[in-house]
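Novice: predicted structure and sequence below. I'll ask about it afterward.
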Amino acid sequence: TSENQPYRTSYHFQPPKNWMNDPNGPMIYKGIYHLFYQYNPYAAVWGNITWAHSTSTDLINWTPHDPAIYPSQQADIKGCWSGSATILPGDKPVILYTGIDPQNQQVQNLAVPKNLSDPFLREWVKSPKNPLMAPTPTNQINASSFRDPTTAWLGPDGRWRVIVGSKRHRRGFAILYRSKDFVRWTKAQHPLHSSKNTGMWECPDFFPVSTNSPIGVDTSVIGPSMKHVLKVSLDDTKHEYYTIGTYNLDKDTYIPDEGSVDNDSGLRYDYGKFYASKTFFDSAKDRRILWGWINESSSVAHDVQKGWSGIQAIPRALWLDKSGKQLVQWPIVEVEQLRMNQVNLPSTVLKVGSVLEVSGVTAAQADVEISFEIKEFEKAEVMDPSWSNPQVICSQKGASVKGGLGPFGLLAFASKDLQEYTAVFFRIFKGQDKYVVLMCSDQSRSSLDPDNDKTTYGAFLAVDPIHEKLSLRTLIDHSVVESFGGEGKTCITARVYPTLAIDEGARLYAFNNGTENVGISRLNAWSMKAAHIN
Ligand code: DQQ
């Protein structure tokens, strides 16, 4: 019951119990969406990893199936780790995944559906030729840093390509393999890409994006109005970075655009908790969809006690921003079918020091959209050029620190007396020749329980507040606060475990702790129905 389980989500994907991590092999087949995920069938901690499996017709409501891939061969007897699906010509899905062999080596394996006429693809058969890629030559590939094959793409020469994450010393690698038949794979002389000092690249993802449309394209599409995206999940920091760049077909290499870097000053899908993500092309709706794992911020003891760990983010459509310099993400429209009891606030001034309750929504299970209008920039503080790390600014200037223009935003999971709240807000600074918008998610007061990770997150937001509206959308679901600033230009996800602001005890407010009034031009909030999940 929700009384014993106040932190279980109502519309974010999770299994009934136990440990879940990476999303695996997302795809659509015969109109049905598939999600596989890293799962421990026996406990709420990582281990005994198999591929659990659920299907859906709308990416929101999910039906569970038996585990699709579990240890059964030499090549995966010690675990079935992450991997991806590829739809071969003739609508034939296949899966490449990492297996752990008896020597604890990481190897890449193939599995194919037993029966293509089963739209749920419930049974999978492993290739007797597994492993198809082994960590050889051993002087070139480290057997414990060789995993997470991507969706493959087909080159104009009729050969499939796939990358596998790796490292040598501190250099991260996307090792490239090629194959004509998807069974015999040959390692290319050069990696698709590598980068110094990044450590192990987990769960790489490589895909094209259109330069002139938000419409998504199949992974094998190459053309003049395309750029490519390479995303890597850095094992060292558990943060993901992506670059936008060019896929050079002649050399079979990827070159990030100038200024697009894959180290800790690069771009992230999400500046909070979001890891081991993977995209797929949804051919039914011509969009590219991103799945990502959101881990807990509670202690392992707490996870064991509640009997589960890990959720998936709401799937996001993703495309290239008009600037060509970053991606934009937005929760798939299907989540809006859960909206009910809309609350609409007439446009109003959020006065200095005000805390305005948004009543009439189930504040622990809600979807909120708010747009701010800023007319006065007088009081905006001057940006200190040494403030290069937005997360540090957000940590030092949390929601309770009075500012000039901002902080203003939302208090989610707020208790009646504001003993607890999670604040998602903006601050606007006067920069060199423009205004700089900072977006923060401040968890420092999210719970009276001291036993949680309450790290504050932050990032800059590429919105010009003079000419553009400044918007925030936040999905709130019992222990998750998933925020989209500037129509999806900057995303921040947090996990929180309030003790007072639970279920009916949770409230939602808009606040302004700056010294300048700001306008709210639009505020819509919805209570969210529970999805049928597993
Ligand atoms: N999780 C999997 C690995 C991957 C890691 C193991 C990323 O394949 O590198 O559960 O979270």
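Specialist: Right, received. Where do you want to start? Numbers count the residues shown, from 1 in each chain.
Novice: shouldn't Tyr497 be in contact with Gln305?
Specialist: No. Contact criterion C-beta atoms under 8 Å: Tyr497 and Gln305 do not qualify, at 11.9 Å. Just so you know, the C-beta spots here come from the backbone N, C-alpha and C atoms, and that holds for glycine as well.
Novice: around Arg522, how many other residues sit close by?
Specialist: 16 (other C-beta atoms under 10 Å).
Novice: can you pull the contacts of it?
Specialist: Ser347, Glu369, Ile370, Ser371, Ser471 (C-beta atoms under 8 Å, 6 or more residues apart in numbering).
Novice: number of nearby residues for the fourth one?
Specialist: Neighbourhood size, Ser371 [other C-beta under 10 Å]: 17.
Novice: distance between the helix or strand hosting it and the chain's centre?
Specialist: Secondary structure assignment for Ser371, by DSSP states H and E: strand 365-373. In terms of C-alpha atoms, centre = their mean, to the nearest Å, the centre of strand 365-373 is set 20 Å apart from its chain centre.
Novice: tell me what the very next helix or strand once past that strand is packed against?
Specialist: Counting by DSSP H and E, the next helix or strand C-terminal to strand 365-373 is strand 381-382. Helices and strands touching strand 381-382, by 3 or more C-beta pairs under 8 Å, 6 or more residues apart in numbering; DSSP states H and E, are strand 422-430.
Novice: point out where the chain drops to low pLDDT.
Specialist: By pLDDT under 70, the weakly predicted segments of the chain are 1-3, 263-264.
Novice: how about the nearest residue to Asn24, chain neighbours excluded?
Specialist: Phe36 (4.1 Å; C-beta to C-beta, 6 or more residues apart in numbering).
Novice: the closest residue in space to Lys251 that isn't next to it in sequence sits in which helix or strand?
Specialist: Computed as C-beta to C-beta, 6+ apart, the closest residue to Lys251 that is not its neighbour in sequence is His190, at 7.3 Å. Using DSSP H and E, His190 sits within no helix or strand.
Novice: part of a strand, is Gln305?
Specialist: No. Counting by DSSP: H, G, I helix; E, B strand; the rest coil, Gln305 is located in no strand; its state is helix.
Novice: wondering if stretch 95-102 reaches the ligand at all.
Specialist: Yes. Counting by C-beta under 6 Å from any ligand atom, the ligand is contacted by stretch 95-102 at Thr98.
Novice: pull the CA atoms of that stretch into PDB?
Specialist: The C-alpha coordinates for stretch 95-102 follow below in PDB (Å, rounded to 0.1, in the frame of the first residue of the first chain):
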ATOM      1  CA  ILE A  95      19.600  -8.100 -29.800                       C
ATOM      2  CA  LEU A  96      23.300  -7.700 -29.100                       C
ATOM      3  CA  TYR A  97      24.200  -7.700 -25.500                       C
ATOM      4  CA  THR A  98      27.200  -8.100 -23.200                       C
ATOM      5  CA  GLY A  99      27.600 -11.500 -21.500                       C
ATOM      6  CA  ILE A 100      30.000 -12.300 -18.600                       C
ATOM      7  CA  ASP A 101      31.700 -15.600 -19.300                       C
ATOM      8  CA  PRO A 102      33.100 -18.100 -16.700                       C
END
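Novice: outside of that stretch, which residues touch it?
Specialist: Stretch 95-102 has contacts (C-beta under 8 Å, 6+ apart) with 24-25, 36, 51, 69, 71, 73-86, 106-112, 124, 130-132, 146-149, 152, 162.
Novice: go on, stretch 318-333?
Specialist: Stretch 318-333 has contacts (C-beta under 8 Å, 6+ apart) with 59-60, 209-211, 213-216, 227, 229, 242, 244, 257, 259-260, 267, 269, 279, 287-290, 314-317, 462, 473, 475, 482, 484, 487-489, 491.
Novice: just checking, which of those residues belong to strands?
Specialist: The strands, defined by DSSP state E, take in 209-210, 227, 229, 242, 244, 279, 287-290, 316-317, 473, 475, 482, 484, 491 from these.
Novice: returning to what we had before: type out the ChimeraX command that picks the buried ones from the contacts of stretch 318-333.
Specialist: Under the burial definition 16 or more other C-beta atoms under 10 Å, those of the contacts of stretch 318-333 that qualify are selected in ChimeraX by:
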select :59,60,209,210,214,216,227,229,242,244,260,267,269,279,287,288,289,290,314,315,316,317,462,473,475,482,484,487,488,489,491
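Novice: quick one: contacts for Ile32?
Specialist: With contact taken as C-beta under 8 Å, 6+ apart, Ile32 is in contact with Thr55, Ser56, Thr57, Pro119, Phe120.
Novice: please verify my assumption that the residue nearest to Asn24 contacts Ile69.
Specialist: Yes. Applying C-beta under 8 Å as the test, Phe36 and Ile69 come out as touching, 7.3 Å apart.
Novice: between these two, which has more neighbouring residues?
Specialist: The neighbour count for Phe36 versus Ile69, taken as other C-beta under 10 Å, is higher for Phe36 (30 against 24).
Novice: give the burial count for Leu249, as a bare number.
Specialist: Other residues within reach of Leu249 by the criterion other C-beta under 10 Å amount to 11.
Novice: that one against Ile222, yeah?
Specialist: Yes. Contact criterion C-beta under 8 Å: Leu249 and Ile222 qualify, at 6.5 Å.
Novice: what touches both of the two?
Specialist: Common contacts of Leu249 and Ile222 (C-beta under 8 Å, 6+ apart): Pro156.
Novice: and this structure, which residues reach the ligand?
Specialist: Proximity of the chain to the ligand, by C-beta under 6 Å from any ligand atom, involves residues 21-22, 38, 49, 81-82, 98, 147-148, 202-203, 275-276.
Novice: could I get the contacting residues of Leu508?
Specialist: Here Leu508 is in contact with Glu357, Val358, Val361, Ala363, Ala366, Val368, Leu410, Leu411, Ala412, Ala414, Ile476, Ala525 (C-beta under 8 Å, 6+ apart).
Novice: please name the nearest non-neighbouring residue to whichever residue of the stretch 301-450 of the chain sits closest to the ligand.
Specialist: Closest approach between the stretch 301-450 of the chain and the ligand, counting by C-beta to the nearest ligand atom: Gly310, at 10.2 Å. Distance criterion C-beta to C-beta, 6+ apart; nearest residue to Gly310, sequence neighbours excluded, is Met20 at 3.9 Å.
Novice: which helix or strand contains that neighbour?
Specialist: Taking DSSP H and E as the criterion, Met20 maps to strand 18-29.
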